[in-house]
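can you look at this prediction? I've put the sequence above it.
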Protein chains: 2
Amino acid sequence: MKLTILGCYSATPRADAHPTAQVLQIKNHQFLLDCGEGTQRQLRKYKISFARIKHIFITHLHGDHVYGLIGFISTMSLLNRQQELNVYGPKGIKELIDVQLKLSKSRVSFPLNFHELSSKKPQLIFEDEKVSVETIPLEHRVYTNGYLFKEKLGERKLLIKEAEKYNIDVAFYNNIKAGKDVVLDDGKIIPNEKLTAPPPPPKSYAFCTDTVYKPDIVEQIKNVTTLYHEATFQEDKLDLCEFTKHSTAKQAGMIAKQANAGKLILGHYSSRYKNLKGFKTEAETVFPHVELAEDGKVFNL
Amino acid sequence: MKLTILGCYSATPRADAHPTAQVLQIKNHQFLLDCGEGTQRQLRKYKISFARIKHIFITHLHGDHVYGLIGFISTMSLLNRQQELNVYGPKGIKELIDVQLKLSKSRVSFPLNFHELSSKKPQLIFEDEKVSVETIPLEHRVYTNGYLFKEKLGERKLLIKEAEKYNIDVAFYNNIKAGKDVVLDDGKIIPNEKLTAPPPPPKSYAFCTDTVYKPDIVEQIKNVTTLYHEATFQEDKLDLCEFTKHSTAKQAGMIAKQANAGKLILGHYSSRYKNLKGFKTEAETVFPHVELAEDGKVFNL
């Protein structure tokens, strides 16, 4: 699982700071999470294949999370993409894109599927044999969802040397990997645990932006491997959080602690803070494993 | 008159190339011409005041000329701009912005006036005592206008030493600058030409993108000081020009020559050309004074 931060700053732009967008590589997928203005240039800059992105998850319809989507779609069409693209996001996102395509008289060269969300409860919105994606309902000034990406438990790993020790025919290997015991010719049973090692524990990633401090998400993200939680402000601006529906770095740390997260990544910094260290220091007062998102930074999770 | 190129490449983005946007400083104005994705970051990068931009001229509704407009407007609102902003562009531009503001539940903090265009003939769309702006109807795959910016002829310049030679009272100076002769106490008439120098010749700038080769614009832009004309292709791709409704560098040179332009600036290069020199060389086969637009380049016109 690998996370590339394309942008992690809040709305007011700076020459050297991009709005929210990130790419999550998980199993065979390359998911795009949010798509602020300039995301397509950032994808180019960090040499991430446009074609491999088949699913885009948008948290909410504020511009710093979605204004790059129309440009990404238009470019895919210019490049004559054929493969379908799935966009998950709040109700209205289809209209947002359709109006712009209509007014520019643009056709889309590929099947573009919108999955519009309006539920206020967690929903399973994507699943295949290796990965699932659920919404995490958040609370912001507009309808907003975070997303929880979970690997599924893989197959047990065959210990070939052990199997050879018992002269087990390779024809049985698939059964063993599927968890079955083996009955030898002499009737002796070799339990599966002797022939396999457990699969690596499945990893998970929770992407939570933008939101007020909302402890009722903790149950859903319990024991998450990595939590990305917005930290627009520090505690000196706690009063602004309720008004703007954002969180402080300390509040992000509190969520990580309560959820027993493996790691917390902070982002969505307000441009009023010139130095990011204060976010880390503040979150570390409640939770020890804190990292700072930065444009272009890659996390191997 | 000063022109700053924020972006000058055609639609397919590259990490190091921005879509069309430029800032024209003319007299006391700072006009924004087109607004491709990422324009607000480019404005920051080149330290151009957002607040001084009061008029934005959009040529057409293809994404590489307008997808940065919503971000610019949103940011102006976040910064609590009060001053009105005027946007000139094809019919539909109001809907393009309004839908996005509605879906993000954003309010605009300032009067935002759209001037929607649909005429296929040149129109005077802005005028004050120093500057005028006309549309230049172009031919592209969608409704498109270029824009012609013209300084007005200024006042004649008072030659104070000459006035003093005749002991003319300063109370007469405004009349002299307005072009009047002076009658001395002895009845002698001093003609205005002896007391003033002519004003500098007014400058003009024609912004023509995107368009096929369209020689019927020549009459309107005759003797223009500086012509910016798109050159998406070179002559090797002449066949693509008619199909995509774009021009070659040579065709841009032909327009400049016929219009007797002072200077030609090329831009809107297709990303298939890795080296821009070929555009200049090709245009120079028909017109001598050619310059290449490049992101961040400033032209003192």
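Everything's here; your move. Numbers count the residues shown, from 1 in each chain, chains lettered A, B, ... in the order given.

A:Val66: how many residues sit nearby?
For A:Val66, the tally of surrounding residues (other CB atoms under 10 Å in any protein chain shown) stands at 31. C-beta coordinates here come from the backbone N, C-alpha and C atoms, glycine included.

per-residue pLDDT of the residue nearest to it when sequence neighbours are not counted, please?
Counting by CB to CB, 6 or more residues apart in numbering or on different chains, A:Val66 lies nearest to A:Ile58, which is 5.4 Å off, once chain neighbours are set aside. At A:Ile58, the pLDDT value in this model is 98.

tell me the spacing between A:Ile58 and A:Gly89.
Distance of A:Ile58 to A:Gly89, given as CB to CB, to the nearest Å: 3 Å.

for these two, list the residues in contact with both.
A:Val66 (CB atoms under 8 Å, 6 or more residues apart in numbering or on different chains).

higher neighbour count, those two?
Per other CB under 10 Å, whichever of A:Ile58 and A:Gly89 has more neighbours is A:Gly89, with 27 against 24.

next, that one: secondary structure please.
strand (DSSP: H, G, I helix; E, B strand; the rest coil).

check the one 10 residues further on too.
On the three-state scheme (three-state DSSP), A:Val99 is labelled helix.

what sits against it?
B:Glu95, B:Leu96, B:Val99.

what of A:Lys91?
The contact partners of A:Lys91, by CB under 8 Å, 6+ apart, come to A:Glu116, A:Leu117, A:Ser118, A:Tyr143.

rerun that using 10 Å as the cut-off
Contact analysis of A:Lys91 by CB atoms under 10 Å, 6 or more residues apart in numbering or on different chains lists A:Leu61, A:Phe114, A:Glu116, A:Leu117, A:Ser118, A:Ser119, A:Tyr143, B:Leu103.

ranking those residues by neighbours, who comes first?
Counting by other CB under 10 Å, A:Leu61 has the largest number of neighbours within those, with 25 neighbours.

next, that one: secondary structure please.
Three-state assignment for A:Leu61 (three-state DSSP): coil.

start to end distance for stretch A:26-38?
24 Å (CA to CA, to the nearest Å).

touching chain B at all, that stretch?
Yes. Using CB under 10 Å from any CB of the partner chain, we find that stretch A:26-38 touches chain B at A:Gly36, A:Glu37, A:Gly38.

buried ones in that stretch?
Residues of stretch A:26-38 classed as buried by neighbour count (16 or more other CB atoms under 10 Å in any protein chain shown): A:Ile26, A:Lys27, A:His29, A:Gln30, A:Phe31, A:Leu32, A:Leu33, A:Asp34, A:Cys35, A:Gly36, A:Glu37, A:Gly38.

farthest-apart pair in those, please.
Using CB to CB, the two most remote members of the buried residues of stretch A:26-38 are A:Lys27 and A:Glu37, lying 29.4 Å apart.

of all of the stretch 151-300 of chain A, which residue lies closest to chain B?
Residue of the stretch 151-300 of chain A nearest chain B, by CB to the nearest CB: A:Ser271 (9.9 Å).

many thanks, I have nothing further to ask.
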